[in-house]
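Novice: I need the structure of the sequence given here:
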Amino acid sequence: MIYLDCFKRSTSPITALALLTLIALPHTALAAPPSSSPPAYSGSPASPASEVYTLGAGDRLQIDVFDAPEYSGENGRYQVLVDGSLNLPLLGNLSVKGMTLKQLSEDLSRRYRRFYKRPFTTATLVAPRPLTIGVSGEVNRTGTYTLPLATQEGGTQFPTLTRALQTAGGITQSADVRQIQIRRPQRSGADQVITVDLWQYVTTGNARQDVSLRDGDSIFIPTVSAQNPAEGRVLADTTFAADKAKPVSVAIVGEVFRPGPYLVTGVNARPGVAGVPGAVSDNPTTLGSDKPPTVTQAIQIAGGIKPQADLRRIQIRRMTRSGTDQTIDVNLLELIRSGDLRQDVILQAGDTISIPVAKDLTAAEVAENARANFSPDFIRVNIVGEVRQPGTVQVPPNTPLNQALLSAGGFDQRRARKGSVELIRLNPDGSVTRRKVSIDFAQGTTDEGNPLLQNNDIVVVGRSGLASVSDTLSTIFGPITGVFNFLRIFGL
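Specialist: Coordinates of the predicted model:
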């Protein structure tokens, strides 16, 4: 056994006097300045300054033993092994996993008493290990992540909760940021549970809520009990939200012109651009790619709403990470009338948007729906009969009957019955209605005399009485005229 005497190492009276002074002092005076232990957890996340770093595999340490240069300085640098132990001279393998630096210093001082009169040992963290954490719940990519530590002047900066959420792809729209839980392993075996309120961090800037993480932490983001679209829009603009430029896969059913699955990007897509289900719109307008995908953008990509769509009772069915369905009610009529952007709900992958048929829409409400930017740019109306250019014409929504007739070139002045036309309409329930409409080009839009047309309406322009008689005579005398023409050819 090696036994070292501090007096024998002293070669000068001054050094000997200093050593006598150190020996006369109590043992506690030789230790580092006392630092209070972290307070017991009381329900609020501790500030980064009060959190204690615990050792683990990969940490690099500087061990300094007072008056033992052969075990200090460059010779005193060690790395914690995979099993959480240190291999130190004289002491051998020691398990240090889960210890704080203060606990390790005190333990080494106690163990070195076998070899030194008054051992004073300090342990310093030279290079911390990367942190391995787990993230689960309402994030876009659950799993285990390794986060590097940043070294700055004045110390090491540990990654925070929001940094971990960014690495996991950001939170979903179903995340309850008020009840985030961090489970932190303790050396005693029982986990410390820290509840974090990131909503307070977002609204008040309380940085204490953005907790610094430790190796082995497990983060769980619970599912919110009831969706709040207003809060969802606020959270979508945070640094720990999902990537806004990433397309999300949704399904749209009901009263749109092209129901089916779509990839929706965070742009204001013009209707009709992506006609194939699953296509991404490539025709952005003013919103830009810095906005998350919303309900109205999805409707635009699906070709727009049909005239009989019930904008008051749109529903979004959302699958949460816990495996349950959530239903979000949307009233886009409030968005049209009062500009309530909360109704334009932000979408996430897997959402299903359902747009029902309205049972009692008035003509004014149909016109109101057609003016919305998530209505189609045009509707198709079939105009047949005695007009100059019969066939299918494309006209804007809310086009009245008179305007559609003019789009087809107007009446054939020699053959058309100008007093009235027949309007044929296919109803949502599958029935067909036919009615006569009196035509007066000087009349404004009315439901009786100049109704607003809907997609796939058929307008039949009949023949005048003179044209009918002429056509009948042509039918009767046509064969006889043909015979006379034949005889005339041969001079008979």
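Novice: against Val461, how distant is the residue nearest the centre of the chain?
Specialist: Centroid check for the chain by C-alpha atoms, centre = their mean gives Ala242 as the closest residue, at 4.4 Å. For Ala242, the distance to Val461 (C-beta to C-beta, to the nearest Å) stands at 55 Å. (Each C-beta comes from the backbone N, C-alpha and C, glycine too.)
Novice: try Thr167
Specialist: Thr167 is 66 Å from Val461, by C-beta to C-beta.
Novice: which one of these two has more residues nearby?
Specialist: Taking neighbours as other C-beta atoms under 10 Å, Thr167 and Val461 compare with Val461 leading, 23 against 18.
Novice: ramachandran coordinates for the nearest residue to the more buried one once chain neighbours are set aside?
Specialist: Residue nearest to Val461 in three dimensions, not counting chain neighbours: Gly385, with 3.5 Å by C-beta to C-beta, 6 or more residues apart in numbering. Torsion angles at Gly385 (phi, psi; degrees, to the nearest 10) stand at phi 100, psi -150.
Novice: from memory Gly385 sits against Lys418, does it?
Specialist: No. In this structure, Gly385 is not within contact of Lys418 by C-beta atoms under 8 Å, at 11.6 Å.
Novice: neighbour count winner among these two?
Specialist: Shown here are Gly385 and Lys418; by other C-beta under 10 Å, Gly385 has more neighbours (19 against 16).
Novice: give me the residues contacting the helix or strand harbouring Ala364.
Specialist: Using DSSP states H and E, Ala364 sits in helix 363-370. Outside helix 363-370, the residues that touch it by C-beta atoms under 8 Å, 6 or more residues apart in numbering are 305, 307-309, 311, 333, 336-337, 358, 361, 375, 397-398, 447, 451-452, 454.
Novice: host element of Ala442?
Specialist: Applying DSSP H and E, one finds Ala442 in no helix or strand.
Novice: again, but for Val437
Specialist: Per DSSP H and E: strand 432-438 holds Val437.
Novice: pairing partners for the helix or strand following that strand, with directions?
Specialist: Scanning forward in sequence from strand 432-438 by DSSP H and E, the next helix or strand is strand 458-461. Using DSSP bridges, the strands paired with strand 458-461 are strand 379-385 (parallel), strand 420-426 (antiparallel).
Novice: quick check: next helix or strand after the helix or strand harbouring Ile133?
Specialist: In the assignment (DSSP H and E), Ile133 maps to strand 131-137. As assigned by DSSP H and E, the chain's next helix or strand after strand 131-137 is strand 143-147.
Novice: span of stretch 112-125 from start to end?
Specialist: 20 Å (C-alpha to C-alpha, to the nearest Å).
Novice: per-residue confidence averaged over it?
Specialist: Summarised as a single mean, pLDDT over stretch 112-125 is 84.
Novice: pull the distance from it to the chain's centre.
Specialist: 54 Å (C-alpha atoms, centre = their mean, to the nearest Å).
Novice: return the set of buried residues in that stretch.
Specialist: Within stretch 112-125, the residues scored as buried using 16 or more other C-beta atoms under 10 Å are 112, 115-116, 118-123, 125.
Novice: kindly report the same for stretch 364-372.
Specialist: 365-366, 368-370, 372.
Novice: Ala230: which element?
Specialist: helix 229-235.
Novice: run through who's touching that helix.
Specialist: Against helix 229-235 from outside (C-beta under 8 Å, 6+ apart): 171, 173, 175, 177, 199, 202-203, 241, 328, 341-343, 345-346.
Novice: ok, now stretch 68-84?
Specialist: 4, 55-65, 86-90, 95-98, 116, 126, 129.
Novice: how about the helices of the stretch 1-150 of the chain, start to end?
Specialist: 6-9, 13-24, 27-30, 101-111 (DSSP state H, counting those that start in this stretch).
Novice: the stretch 251-400 of the chain too?
Specialist: 295-301, 332-338, 363-370.
Novice: those helices into a markdown table, with extra columns for mean pLDDT?
Specialist: Output for the helices of the stretch 251-400 of the chain, formatted as a markdown table (pLDDT from 0 to 100):
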| stretch | mean pLDDT |
| --- | --- |
| helix 295-301 | 93 |
| helix 332-338 | 90 |
| helix 363-370 | 76 |
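Novice: and those as JSON lines, adding distance to Asp429?
Specialist: Shown next, in JSON lines, are these (distance: least, C-beta to C-beta, whole Å):
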{"stretch": "helix 295-301", "distance to Asp429": "22"}
{"stretch": "helix 332-338", "distance to Asp429": "22"}
{"stretch": "helix 363-370", "distance to Asp429": "16"}
